[in-house]
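In: For reference, the sequence and a predicted model appear below.
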Amino acid sequence: MAETVRVVFLGGLGEIGRNCAALEIDGEIALIDIGLMFPEEDMLGVDLVFPDWSWLVDRAKDVSMVVLTHGHEDHMGALGYFLRDIQVPVYGTELSLEMAAGRIEELGVESDLRTVSQKKWMTHGPFKFMLIPVSHSVPDASAIAFDTPEGMILHSGDFKLDPTPIDGKPTDLPAIAALGRRGVRLLLADSTNAEKEGFEPSESSVGQPIADIIRDAPGRVIAACFSSHMHRVQQIADAGIAAGRKIAFFGRSMHRYTTIATDLGILEVPDGSVDDIKDLGDLPGEEQLLITTGSQGEPFAALSLMSQGRHKFVELDENDTVLISAKPIPGNETAVSKVISNLMRRGAKVVHGRNSHVHVSGHAAREELLTFLNLVRPRAFVPVHGEYRHLAAHADLARSMGVSHVDVLEDGDRVVVDGKKTMVERRAVPAGYVYLDGSSVGDVQGGVLRDRSHLADEGVVVVTVGIDHDTGEIIYGPDLDSHGMMDDPDAVLHKAADSVRSAIEGHDSGRTDHAEMQKAVRQAAGKVIRAETARRPVIIPIIMEV
């Protein structure tokens with residue numbers, strides 16, 4: 001009798017980020033990626049967003065391992081926090097594990113990281129798996145094939161069909177096709193660009209435009225891109241060297257990833273071409289190339305600090321050219337636009353993906369997805385990695401290719417593969433957002449964020465009043481102080497204070513009930529403020545009994 005095979009999705013469906021799926025074979029569980037998501041605008045005070053793995057904590061003895069598709073934060077950024085709860089081996093390519101190791105070490109968490117070669121079958125418990133090379137915007141990205149008792153399950157990872165990748169390692173279509181001929185029971189595939197027609201241009205296509213910009217720039221060039229995008233960093237660095245410029249890498253993650261990539265032989269930049277940023281400033285501007293972080297408008301990244309005139313080593317002027325070689329992640333558009341505007345206010349020329357061909361995506365467009373589907377010919381298909389509209393578009397492509405069983409799922413859903421049947425269980429496990437707020441994971445819930453939103457939108461009013469402990473008479477105040485409600489609140493607060501005074505004096509004399517008094521103060525102040533301003537601030541009554 002064949003073992004039961006299930007796949008549960010903990011993140012990455014209906015969103016960009018938090019990619020995480022759990023493959024279960026006969027009661028043992030393997031995790032495919034454990035990524036994070038950056039907070040959306042309404043997630044006030046939240047630093048990062050993780051998948052909800054609480055149901056796995058309850059079954060910790062059943063969790064066998066983690067396998068990483070690649071080294072991007074949205075696929076491995078939450079790994080350290082997961083390992084703090086559940087200690088299991090982690091498999092991946094050397095670069096993927098080196099990139100993950102930094103965050104794990106920062107948390108002081110022990111880890112068992114196991115490097116595996118691509119195109120080699122590995123066995124761990126009931127899991128037989130193989131990493132297959134794919135092209136993406138980080139080197140050594142992989143699809144993962146699992147040979148299960150119910151047939152082959154293939155996870156594409158993030159990929160594109162780049163015919164001329166910088167490292168000469170294209171998506172291994174012969175290996176994918178071989179799996180297709182063997183028979184793929186279930187395909188899970190990247191959907192990010194499922195709405196985009198045609199083919200995504202090759203990474204090498206941005207090399208010449210970037211080289212032209214750096215060569216022709218009259219002064220210093222500051223180039224920003226994802227620190228993990230070593231192929232892009234390589235092309236920017238090559239262009240700088242060809243133009244006779246010295247290079248400085250700066251920004252914490254840029255330093256870390258370029259060091260890792262150099263040590264592994266993935267990034268090749270001659271030692272004599274690189275200087276410390278503090279020394280680079282002594283050269284003429286036309287001999288400088290700064291490669292940095294901040295392409296997503298992160299508030300404390302180097303590029304954002306430059307745009308505000310707050311960077312320690314770089315002060316922009318009209319001779320500077322800023323090259324932003326990245327596309328905003330959904331949700332970051334406003335922040336990136338603000339940084340670009342501020343850079344231009346300081347006189348810099350800004351070149352970015354909307355006004356020049358300096359960026360291409362690392363995700364396959366429609367024709368590439370159709371090619372992939374045609375090679376795999378799966379019996380069942382679930383689109384992954386993308387907002388719901390991306391998943392739906394990818395599902396339509398699969399149906400057009402004649403795939404017999406196609407499901408658009410959401411986080412928390414489960415697929416059960418049993419013989420000829422493919423069944424879906426909706427909301428099988430908890431899969432909500434888990435928030436990192438400071439150093440606290442999971443303490444902030446939706447109610448806290450709603451309160452924060454309320455405070456941000458409506459403000460807060462603090463009402464302080466002192467009353468006689470025995471008689472209930474007012475001996476101090478009411479004193480009202482507001483924050484975030486309006487620019488000149490004095491007149492409104494004066495009327496509210498009169499209302500609070502009347503409410504307290506209207507209470508029966510003698511010993512008062514503290515909770516009842518707080519309620520009366522809150523209602524009295526709130527009624528006046530709503531009438532005068534149409535706002536509903538949070539009202540905090542402070543009643544001191546003397």
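Out: Received it, and whenever you're ready, just let me know what you need.
In: Quickly list what Val63 is bridged to.
Out: Applying DSSP bridges to Val63 gives these bridge partners: Ile29.
In: For the residue nearest to Val403 when sequence neighbours are not counted, grab the count of nearby residues.
Out: Spatially, and ignoring its direct neighbours in sequence, Val403 is nearest to Phe381 (4.8 Å; Cβ to Cβ, 6 or more residues apart in numbering). C-betas here are computed from N, CA, C, even on glycine. Using other Cβ atoms under 10 Å, Phe381 is surrounded by 25 other residues.
In: ok, Phe381 - contacts?
Out: Going by Cβ atoms under 8 Å, 6 or more residues apart in numbering, Phe381 touches Leu186, Leu187, Leu188, Ala189, Leu373, Ala395, Ala398, Val403, His405, Val406, Asp407.
In: go again using 6 Å as the cut-off
Out: Neighbouring residues of Phe381 by Cβ atoms under 6 Å, 6 or more residues apart in numbering: Leu187, Ala398, Val403, Val406.
In: Reformat these as a markdown table; add secondary structure.
Out: Shown next, in a markdown table, are these (DSSP: H, G, I helix; E, B strand; the rest coil):
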| residue | secondary structure |
| --- | --- |
| Leu187 | strand |
| Ala398 | helix |
| Val403 | coil |
| Val406 | strand |
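In: Okay, and the residue nearest to Val403 sits in which element?
Out: strand 380-384 (DSSP states H and E).
In: Direction included, what does that strand pair up with?
Out: Applying DSSP bridges, you get strand 184-190 (parallel), strand 405-406 (parallel) as the partners of strand 380-384.
In: before we move on, the earlier item: can you tell me how far the residue nearest to Val403 sits from Gly331?
Out: 27 Å (Cβ to Cβ, to the nearest Å).
In: again, but for Thr164
Out: 31 Å.
In: go on, Val116?
Out: 33 Å.
In: out of the two, which sits in the busier spot?
Out: Val116 (20 against 17).
In: which ones are touching that one?
Out: By Cβ under 6 Å, 6+ apart, the neighbours of Val116 are Tyr91, Met122.
In: can we see that at 8 Å?
Out: Tyr91, Gly92, Thr93, Met122, Leu131.
In: ditto for Leu161
Out: Ser135, Pro170, Thr171, Leu173, Phe199, Ala364, Glu368, Thr371, Phe372.
In: Which residue, other than its chain neighbours, is closest to the second one?
Out: Pointing back at Pro170 there. Ser135 (5.5 Å).
In: Neighbours of that neighbour, how many?
Out: If you count neighbours by other Cβ under 10 Å, Ser135 ends up with 27.
In: Can you report phi and psi for Phe249?
Out: With angles defined as degrees, to the nearest 10, Phe249 sits at phi -90, psi 130.
In: Equivalent analysis for Val314, please.
Out: phi -120, psi 120.
In: what residues does the longest helix seen in the chain touch?
Out: Assignment by DSSP state H gives helix 514-533 as the longest helix of the chain. Helix 514-533 has contacts (Cβ under 8 Å, 6+ apart) with 461, 463, 465, 467, 478, 480, 485-486, 491-492, 495-496, 499-500, 502-504, 507, 535-537, 539, 541, 543, 545.
In: Could you tell me which of those belong to strands?
Out: Assigned to strands by DSSP state E, the following of the contacts of helix 514-533 qualify: Val461, Val463, Val465, Ile467, Pro478, Leu480, Ile539, Pro541, Ile543, Glu545.
In: Run a quick check on the first one versus Ala497, I expect a contact.
Out: Meaning Val461. No: contact criterion Cβ atoms under 8 Å: Val461 and Ala497 do not qualify, at 10.5 Å.
In: and the contacts of Val116, which are buried?
Out: Tyr91, Gly92, Thr93, Leu131 (16 or more other Cβ atoms under 10 Å).
In: can you name the two of those that are farthest apart?
Out: Tyr91 and Thr93 (9.1 Å; Cβ to Cβ).
In: Now do the shared contacts for those two.
Out: Leu68, Thr115, Val116.
In: which one of those residues sits closest to Asn342?
Out: Leu68 (36.2 Å).
In: I'd like to know how many residues surround that closest one.
Out: 29.
In: Surely it is in contact with Met76?
Out: Yes: using Cβ under 8 Å, Leu68 makes contact with Met76 at a distance of 5.2 Å.
In: and Asp74, that one's in a helix?
Out: Yes: applying three-state DSSP, one finds Asp74 inside a helix.
In: what separates it from Arg345, distance-wise?
Out: From Asp74 to Arg345 the distance is 32 Å (Cβ to Cβ).
In: any weak-confidence spans in the stretch 251-400 of the chain?
Out: For the stretch 251-400 of the chain, no stretch is flagged by pLDDT under 70.
In: for it, what spans make up the helices?
Out: 252-263, 277-280, 302-307, 333-345, 366-376, 388-400 (DSSP state H, counting those that start in this stretch).
In: Go through these and pick out the most buried.
Out: helix 302-307 (a mean of 24; mean count of other Cβ atoms under 10 Å).
In: any idea how far that one is from the chain center?
Out: 20 Å (Cα atoms, centre = their mean, to the nearest Å).
In: what's in contact with it?
Out: Taking Cβ under 8 Å, 6+ apart as the rule, helix 302-307 contacts 222, 224, 250-251, 292-295, 297-298, 311-312, 314-316, 322, 324, 338-339, 342-343, 346.
In: and if you look at stretch 317-326?
Out: Contacts for stretch 317-326 (Cβ under 8 Å, 6+ apart): 206, 210, 213-214, 217-226, 229, 232, 236, 285, 295-296, 303, 306, 316, 336, 340, 343, 346-353, 358-359.
In: what about that stretch, start to end distance?
Out: End-to-end distance for stretch 317-326, by Cα to Cα, to the nearest Å: 23 Å.
In: With stretch 303-314 instead?
Out: End-to-end for stretch 303-314, by Cα to Cα: 10 Å.
In: quick one, what contacts Tyr433?
Out: Arg18, Met37, Val49, Phe50, Asp52.
In: Going by distance to Pro139, which of the buried ones among the contacts of Val116 wins?
Out: Of those, the one sitting nearest to Pro139 (Cβ to Cβ) turns out to be Thr93, at 8.5 Å.
In: residues touching the closest one, list them.
Out: Thr93 touches Leu68, His70, Thr115, Val116, Ser117, Gln118, Leu131, Asp140, Ser142, counting by Cβ under 8 Å, 6+ apart.
In: neighbours around Asp498, how many?
Out: 13.
In: how much space between it and Lys527?
Out: 12 Å.
In: same check, this time on Ala194
Out: Ala194 is 52 Å from Lys527, by Cβ to Cβ.
In: Between those two, point out the one with more neighbours.
Out: For Ala194 versus Lys527, neighbours defined as other Cβ under 10 Å are more numerous around Ala194 (26 against 13).
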